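# whatever this is, show me its structure:
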Amino acid sequence: MTQYILNSPQIFNIGNIENSEDLSKIRLTVDHKVDFDLVKTVIENFTEGEIFTMEKIVAFLNQNPKLKEMNSHIPFNEGFLKSLREDGFAEKGSEN
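Modelled structure (predicted):
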């Protein structure tokens, strides 16, 4: 889906939001059951109806470092790379 959005600037307004802190070690996507389990645990930490920010999520995960390890074995951009391979744009096993 991301690639479609990036390749369709006539449909979507595209921009970047930069963060001063490197959060690349935190995987908050739901591609696997373990991802779902992590996100569910994070959500259940907050009170029902509470509006929680990324800062609150990061603070919670930093206070519970084992949670960050739950899905850390899954490669970054795994789904994107798989799509590229399946569409013939990258060789199987390619990381770039």
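# what about the helix or strand hosting residue 66, average pLDDT?
Here residue 66 sits within helix 65-69, counting by DSSP states H and E. Per-residue pLDDT over helix 65-69 has a mean of 93.
# please save the CA atoms from the longest helix along the chain in PDB.
The residue-count maximum for a helix in the chain (DSSP state H) belongs to helix 33-45. Only the C-alpha atoms of helix 33-45 are listed here, as PDB (Å, rounded to 0.1, in the frame of the first residue of the first chain):
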ATOM      1  CA  LYS A  33       0.500 -12.300  15.300                       C
ATOM      2  CA  VAL A  34       3.400 -11.300  17.500                       C
ATOM      3  CA  ASP A  35       2.900  -7.700  16.200                       C
ATOM      4  CA  PHE A  36      -0.700  -7.900  17.100                       C
ATOM      5  CA  ASP A  37       0.100  -9.200  20.600                       C
ATOM      6  CA  LEU A  38       2.500  -6.300  21.100                       C
ATOM      7  CA  VAL A  39       0.100  -3.600  20.000                       C
ATOM      8  CA  LYS A  40      -2.700  -5.200  22.000                       C
ATOM      9  CA  THR A  41      -0.500  -5.100  25.100                       C
ATOM     10  CA  VAL A  42       0.400  -1.500  24.500                       C
ATOM     11  CA  ILE A  43      -3.200  -0.500  24.000                       C
ATOM     12  CA  GLU A  44      -4.300  -2.400  27.100                       C
ATOM     13  CA  ASN A  45      -1.800  -0.400  29.200                       C
END
